[in-house]
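J.: Next input, structure requested:
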Amino acid sequence: MRNNFFVQLLKQESKNLFQLKESNRLWHIPFMAMFAIGVPLLVGWYFDNLQAGLLACLAGLVILYLPSNLPTPQRMFIMLVCSFGFMFSYVVGVIFSFNFVVSAVVFGLFATAIHWLSLYFSMPPPGSFFFIMIASMASNTPFDFDTIATRIGYFVLGTVFACTLALVYSFVVGRKYISKTPVRIILPVPLKTQVDYFIRAVIVGAFMSLSLLIGNLLNFNNPYWIPISCLAIMQGISLYHVWQRVLHRIAGTFIGIGLCWVLISFSQDPLYLCICIMLLQFIIEIFISRNYALAVIFITTLTVLLAEAGSPLIHSPNELIQARLTDIVIGSLLGGLGGWLLHHEYLRHHTVDQIRSTRIGLKRKRKKR
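T.: So this is what the prediction gives:
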């Protein structure tokens with residue numbers, strides 16, 4: 001019986017790897033994402049400053065938080081808030097990168113805060129993912145005090161361009177997709193749910209800090225992808241979904257790493273890499289809501305190119321791919337463990353009840369006094 005169960009489960013998961021789901025995502029979102037990261041990247045290439053273009057295009061990912069069913073003022077308000085969050089994420093990562101222990105602690109606290117905020121305000125996907133991803137990548141950049149202001153400036157320009165693109169889109173196309181029913185952005189959250197959100201955020205923050213610390217203690221070269229892989233898996237909506245994501249991420253990662261090796265081996269010309277990044281972002285936005293495993297293939301390749309296109313390691317494809325593959329496998333295993341804790345109902349509810357009983361006991365003591 002057990003053998004039959006595992007065979008059926010394996011068949012089902014194999015189907016899920018290649019099954020395309022229906023999606024109601026607007027068709028022009030992939031084009032928006034491609035332009036938001038592609039234009040800054042091409043500008044950086046044109047002025048022979050690819051590193052600046054990479055920073056600006058990383059900031060351009062804020063366009064993914066543009067809501068499609070709200071009036072233009074509310075859309076732009078959300079875009080401005082998310083842009084500020086992106087800038088703050090990058091600043092936190094860069095400023096505290098001078099020491100890997102301090103960086104890991106601050107990164108964990110930041111991940112806790114931003115994940116709690118995303119839960120409290122019910123942020124739709126991708127939620128806190130890109131905020132934490134940017135902080136992770138910034139935490140692994142070499143610390144150079146003299147260039148911090150310049151790098152932040154390039155990053156700010158990327159968010160400004162994304163907001164401008166979102167404004168033009170809202171006036172030209174977005175008006176057709178405004179929801180007729182009023183949407184409440186902020187909803188009241190019960191106390192018990194707030195405590196549950198806080199516990200979830202603490203677990204995520206702890207694993208983000210641990211994953212970054214492990215990468216630095218093992219002397220990995222730029223181990224930014226360990227926390228990113230860990231977080232991507234922990235964002236599963238259930239325990240089954242978490243372990244399914246572990247399988248999909250590891251399977252997609254192996255294929256994605258192979259694709260990245262092929263692309264880098266073919267050429268390391270900056271213009272060629274810029275075009276690859278733009279096309280990969282377009283493909284990701286098509287597949288991300290239809291098939292996670294297929295999207296991971298291109299996400300892996302894109303993230304490696306975004307982080308390494310301007311570094312000398314890009315000219316050593318074998319060394320680069322081996323390092324990133326190790327990062328992703330470790331991050332996926334940590335994410336599986338973190339996801340188990342995150343979705344363990346007994347542990348979470350027991351902790352919530354303990355906190356509530358402690359608060360009730362403290363209130364009673366205060367009344368007696």
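J.: hey, where'd the helices end up in this structure?
T.: Remark: helices assigned in the chain by DSSP state H are 2-18, 29-46, 50-59, 72-95, 100-120, 129-139, 148-172, 191-217, 225-234, 239-266, 270-287, 292-308, 317-342, 345-368.
J.: okay, now Ser265: neighbour count?
T.: The tally of other residues near Ser265 (other CB atoms under 10 Å) stands at 11. Placement of C-beta: from N, CA and C, glycine included.
J.: Show the contacting residues for it.
T.: Listed by CB atoms under 8 Å, 6 or more residues apart in numbering, the contact partners of Ser265 are Pro317.
J.: where are the low-confidence patches of the stretch 51-200 of the chain?
T.: The stretch 51-200 of the chain contains residues with pLDDT under 70 at 174-192.
J.: redo that, cut-off 80
T.: 68-71, 124-126, 172-196 (pLDDT under 80).
J.: how far away is Ile114 from Met76?
T.: 21 Å (CB to CB, to the nearest Å).
J.: So the two - more neighbours on which side?
T.: With other CB under 10 Å as the criterion, Ile114 and Met76 differ in neighbour count, and Ile114 comes out ahead with 25 against 16.
J.: Could I get the contacting residues of that one?
T.: For Ile114, the set of contacting residues under the criterion of CB under 8 Å, 6+ apart consists of 85, 89, 128, 131-132.
J.: Mind picking the one among these that's closest to Arg290?
T.: Minimum separation from Arg290 among the contacts of Ile114 (CB to CB) is found for Ser128, which lies at 22.5 Å.
J.: Distance of the nearest residue to the closest one once chain neighbours are set aside relative to Thr164?
T.: Nearest non-adjacent residue to Ser128, counting by CB to CB, 6 or more residues apart in numbering: Ser118, 4.0 Å away. Between Ser118 and Thr164 the distance, using CB to CB, works out to 25 Å.
J.: now do Glu319
T.: Between Glu319 and Thr164 the distance, using CB to CB, works out to 39 Å.
J.: just Ala232 next, same as before
T.: Shown here: Ala232 relative to Thr164, a distance of 29 Å by CB to CB.
J.: And for Gly335?
T.: Here Gly335 is placed at a distance of 35 Å from Thr164 (CB to CB).
J.: Thr193 now?
T.: Spatial separation of Thr193 from Thr164 under the definition CB to CB is 37 Å.
J.: ok, now Gly339?
T.: With the distance defined as CB to CB, Gly339 ends up 38 Å from Thr164.
J.: what about the two, which has more around it?
T.: Gly339 (25 against 12).
J.: I figured the more buried one hits Met234, correct?
T.: Yes: under the contact definition of CB atoms under 8 Å, Gly339 touches Met234, with a separation of 4.8 Å.
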